[in-house]
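Chemist: return a 3D structure for these sequence lines:
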Amino acid sequence: MKTKTEFKNEIEKIKKYLELKGSEKNLLGMQRFGIRFNKAYGVNIPVLRKLAKDFRKNHEFALELWETKIHELMLLAIFIDDYRKVTKAQMNKWVKDFNSWDICDQCCSNLFEKTPYAYEKIFEWSKSKDEFVKRAAFTMIAVIAVHHKKTEDIELFDFFPLIEREAWDERNFVKKAVNWALRQLGKRSSLLFNEAVEVAKRIALQDSKSAKWIAKDALREFSIKEDIYLRKRSLLK
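Modeler: From the prediction side, this is the model:
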């Protein structure tokens, strides 16, 4: 394993590379899409993913990259970290550093959801008062619904009460994640679809603008999915 000094030297090389690859235009684009950052170079994700291949899985280096708090280096840390070495303490520390939806979503979908602690953290973080910690919980639900193919559908039913309970939250990045989680569960299977529709109908009755938006958007998507299914079934007759 490299020393702290060697990691520091490597990070300086990466910074120089990112300075060459970044642009003011990209920085402005990031801001338009609501991406927040303290410091960033304006480098696109494909460039970072290509760079990540040079390091493969390197947990110790990922920890060092994260501590720079530079946007692209935090993303690089996510891409090269080894989920098998991620601890609960690291998850709790990193989630508190989330200050932008893209860092949150990339970390949850590329790293956290692969850990053995994902389900535990979903239930814990779903009650958080912090916008991005709470978003992380529902982002992981959405990602698990898509990625965890071997998980039995019945195991995902426990997520519905969380969605129904937190649909009131008006904060933009929370309500969109709650909506995303509900839609992805509903699209996973017919069993989950039927439950998601019923949950959406109950959410629609809540006295909250956020809840009504979540329900309306999800039910609209579910109705489209149902129409497609019925058309396909009629063609097979």
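
Chemist: what about the protein, any weak spots by pLDDT?
Modeler: The chain contains residues with pLDDT under 70 at 1, 225-237.

Chemist: count the residues that sit near the closest residue to residue 88 other than its chain neighbours.
Modeler: Leaving aside its chain neighbours, residue 88 sits nearest to residue 117 (5.3 Å; criterion: CB to CB, 6 or more residues apart in numbering). Bear in mind the C-beta positions are built from the backbone N, C-alpha and C, glycine included. As a burial measure, residue 117 scores 16 neighbours (other CB atoms under 10 Å).

Chemist: for residue 160, give me its contacts.
Modeler: With contact set as CB atoms under 8 Å, 6 or more residues apart in numbering, residue 160 has these partners: 185, 195-196, 199.

Chemist: list just the nearest of those to residue 71.
Modeler: When the contacts of residue 160 are ranked by distance to residue 71 (CB to CB), residue 185 comes first, at 30.5 Å.

Chemist: ok, now how distant is that closest one from residue 84?
Modeler: Distance, residue 185 to residue 84, by CB to CB, to the nearest Å: 27 Å.

Chemist: tell me which of the contacts of residue 160 fall in helices.
Modeler: Using DSSP state H, the members of the contacts of residue 160 that fall in helices are 185, 195-196, 199.

Chemist: got a ChimeraX select line for the buried ones in the residues you listed?
Modeler: Remark: buried members of these, expressed as a ChimeraX selection using 16 or more other CB atoms under 10 Å:
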select :185,195,196,199
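
Chemist: follow-up on the earlier one: surely the residue nearest to residue 88 and residue 90 touch.
Modeler: No: with contact defined as CB atoms under 8 Å, residue 117 does not reach residue 90; the gap is 9.8 Å.

Chemist: roughly how far apart are residue 19 and residue 31?
Modeler: Residue 19 is 19 Å from residue 31, where distance means CB to CB.

Chemist: to clarify, my last question referred to residue 141.
Modeler: When residue 141 is compared with residue 31 (using CB to CB), they lie 28 Å apart.

Chemist: the more surrounded of those two?
Modeler: Under the criterion of other CB under 10 Å, the comparison of residue 141 against residue 31 puts residue 141 first, with 28 against 13.

Chemist: buried ones in the strand or helix carrying that one?
Modeler: Using DSSP states H and E, residue 141 maps to helix 131-147. Using 16+ other CB under 10 Å as the test for burial, helix 131-147 gives 131-145.
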